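Engineer: below are the sequence and a predicted model; questions follow.
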Amino acid sequence: MNEAGPEVLLDGLRDVLVGRLSDIGRRFSALLADSVPHTALVIFTRECTGRPRKVAGDPEIVDRVTIAELDSLRADLDHGQIFRGRATIAGRARGVYAILDRTDTLLVIVPAGALSRALPLDPVRSMFGIVATGIQLQVQGASPAYLAESRAASAERARTIAELTEVHATTLETLLATLRSADLDDTRARSAARETASAALIGLRTAVDTHREFAEESVVTAFARLRGELRGLLRHRDLELDLVEPTVAGRAVPGEVAHAARAVVRGAVLSLSGQSDVTRIRVAWTCPEAELVVDVRDDGRGLVDTTDLDHQLRPRVESLSGTVEIESTTGWGSRVVATLPLHAPTAPTTHHALTDLGPRELEVLGHLVAGRRNRAIAERLGVSESTVKFHVAGVLRKLDVATRAEAAALGGEAGIRPTP
């Protein structure tokens, strides 16, 4: 590994840690480019519920590597271990370097050439430890930008998983039904195919469950993590902490909601415990059907700086479309109540109108967004111009607009990209 002075490394690490969390893989890849030439780099962490993979490099690898593959590799490693060998990444066995940090964050590097047994990776392990800790701190801090990005990513992934599940499940269930037919006389072939299809169905369901583990967290587990965090936070304070746990039957909550709830409690507890007269703080979580309610109160004289506390908490809560109320009554103490919706607000009506469009109509809408006329659309789709007119009319009717331009505008606002 090329030698570099400590100032160069520290400056490089600072650049890696500063910026959008979603781009940290790209920044770390740039730092390692000269010392460890590689074609792809993946950072994998359960801390980030929306985007557990931070990637850089060859799209053929980073766009195809799966959570199941990364989870499997991580399960085979010990904390601090440096692995050099072959592992299944992006659908096939590849030579990789892998490091598992004590934060349970995994680094996978696909080298540009053959694996080198002589390349010293101890400096990489040390730098990765700082990067992994930086990721952990950013997530625990639950900044508004992280929460908003995480919610958007979780919603998009949930939608994609649901679509893939339906498509593959339907296909495999149809295959199973066909193979179970008594009209087929090749028993052994039918049995083998049935076992293959059954295994595929199980694998699909398992993959979906794995993705859900990253996207959601049991409210009881989330509260247990909070208990540990508060214990460390108040270990030097002579203060009674009354924790009212959510019911065991409580539902799972999106990961970004759990992160935000813990951040709100930590911020509130820090502010309330800073009052010299406070001897007891009560923290309670309740989880009705569609929201998580966080309630923090103290037994002080109500002297907390509510303006400062509001400035700390409100951006986090409102980034998830929640509400926060802070009360401080002289002689009666202070109270913070934050309500966090478990799901993102319903999208605007114009977005929902797109769900009424069929696959071909959506395809035609993409061409309308691109500004094409009927003849050009017909040539690209390989259909008659009259067929295109029929689909355009359907699009206008379902979107409740009068012109092609209005349909294109709605499509663009809803995220429909121009069809090449």
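Structural biologist: Great, that's in hand. Numbers count the residues shown, from 1 in each chain.

Engineer: when you work out contacts or count neighbours from here on, use the C-alpha atoms and nothing else.
Structural biologist: OK.

Engineer: the strands in the stretch 1-150 of the chain, which residues?
Structural biologist: Taking DSSP state E, counting those that start in this stretch, the strands of the stretch 1-150 of the chain run over residues 38-44, 53-57, 82-89, 92-100, 106-111.

Engineer: so what secondary structure elements neighbour the second one?
Structural biologist: What that stands for is strand 53-57. Here strand 53-57 touches helix 24-32, strand 38-44, going by 3 or more C-alpha pairs under 8 Å, 6 or more residues apart in numbering; DSSP states H and E.

Engineer: picking that back up, the strands of the stretch 1-150 of the chain: lowest mean pLDDT?
Structural biologist: Ranked by mean pLDDT, the strands of the stretch 1-150 of the chain bottom out at strand 53-57, which scores a mean of 88.

Engineer: what sits up against that strand?
Structural biologist: With C-alpha atoms under 8 Å, 6 or more residues apart in numbering as the test, strand 53-57 has contacts from 22-26, 29, 39-45, 62.

Engineer: now which of the residues you listed would you call buried?
Structural biologist: Listed as buried from the contacts of strand 53-57 are 22, 24-26, 29, 39-45, 62; burial here means 16 or more other C-alpha atoms under 10 Å.

Engineer: need those in JSON lines (columns: distance to E385).
Structural biologist: JSON lines is the format used below for these (distance: C-alpha to C-alpha, whole Å):
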{"residue": "S22", "distance to E385": "44"}
{"residue": "I24", "distance to E385": "48"}
{"residue": "G25", "distance to E385": "47"}
{"residue": "R26", "distance to E385": "46"}
{"residue": "S29", "distance to E385": "50"}
{"residue": "T39", "distance to E385": "46"}
{"residue": "A40", "distance to E385": "45"}
{"residue": "L41", "distance to E385": "47"}
{"residue": "V42", "distance to E385": "47"}
{"residue": "I43", "distance to E385": "49"}
{"residue": "F44", "distance to E385": "49"}
{"residue": "T45", "distance to E385": "51"}
{"residue": "V62", "distance to E385": "40"}
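
Engineer: between which two of the residues you listed is the distance greatest?
Structural biologist: T39 and T45 (20.4 Å; C-alpha to C-alpha).

Engineer: is it fair to say V337 lies in a strand?
Structural biologist: Yes. Secondary structure of V337 (DSSP: H, G, I helix; E, B strand; the rest coil): part of a strand.

Engineer: count the neighbours of the nearest residue to it once chain neighbours are set aside for me.
Structural biologist: Residue nearest to V337 in three dimensions, not counting chain neighbours: D295, with 4.6 Å by C-alpha to C-alpha, 6 or more residues apart in numbering. For D295, the count of nearby residues is 21 (other C-alpha atoms under 10 Å).
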